[in-house]
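Q: What follows is a protein structure lacking sequence information:
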């Protein structure tokens, strides 16, 4: 997971930020809409909506845009009905891939996701073949300049499960149901939470140590993430930082 996260950060620094932001806004708005449809439009009573709302705000999605998405979800405004669907498969080098989508036509989406796998050297797998390798977690990102003892104190007080220093940020992990309370506790201690989200963390990893293999794996993951219906792509690759940097520099 950390490797995938590092690659996403590298891409955003390197790529066309405005285009990336536009795609991100569209995905976040769809997530807010579906959360409101499934659990109601009250962010205080709907934990998933609260998480998606905060995620959208962290990404600077305008408040009126979020409010319209909630109203479409609750039926106050007319909108397209999306459903959650997941696909599993393998990238080159045996890397496991889990793709989470929100689609208004699952047959079309499934066909297009399969085509992306096939065109980029991967292959789709049967349901359950990959998902067992991942576990849902809450994950929070804190700025790297916070002193370690302050992070330790805040994380322990908040009841989080673990934290790691990822060089350019602190990564805090908690149970999915505790994400909102852990964030509130950390912020209550005076620390800044840069981002918070529900993620899928792999329980094992596949090492990809050469640039050729890394390039093939990342090409597939990038193609999947670029699809409009795809909300998240999770994988279990472990690519050394030096290899990631070399691929990003091309």
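A: Thanks, I have the structure now. Computed from a predicted structure; not experimentally measured.
Q: hey, let's count contacts and neighbours off CA atoms from now on
A: Fine.
Q: Where is the longest helix in the chain?
A: helix 17-39 (DSSP state H).
Q: so for it, what's the average pLDDT?
A: Averaging pLDDT along helix 17-39 yields 85.
Q: Which of the residues in that helix are classified as buried?
A: Residues of helix 17-39 classed as buried by neighbour count (16 or more other CA atoms under 10 Å): 24-25, 27-37, 39.
Q: do the same with stretch 211-227
A: Judged by neighbour count (16+ other CA under 10 Å), stretch 211-227 contains these buried residues: 211, 213-218, 220-221, 224-225.
Q: what does stretch 67-78 give?
A: The neighbour-count check on stretch 67-78 (16+ other CA under 10 Å) flags 67-75 as buried.
Q: One more: stretch 182-194?
A: Of all the residues in stretch 182-194, those buried under the rule 16+ other CA under 10 Å are 182-183, 185-186, 189, 191, 193.
Q: swap in stretch 190-210?
A: When burial is assessed from 16+ other CA under 10 Å, stretch 190-210 yields the following buried residues: 191, 193, 195-202, 205, 207-209.
Q: ok, which stretches of the protein are helices?
A: Using DSSP H, helices in the chain cover 2-14, 17-39, 47-58, 63-74, 106-119, 148-158, 179-188, 211-225, 241-248.
Q: so which of these gets nearest residue 91?
A: Across those, the minimum distance to residue 91, taken as CA to CA, is reached by helix 211-225, at 5.7 Å.
Q: Identify the residue nearest residue 121 in space, chain neighbours excluded?
A: When the adjacent residues along the chain are set aside, residue 121 lies closest to residue 92, with 5.9 Å between them (CA to CA, 6 or more residues apart in numbering).
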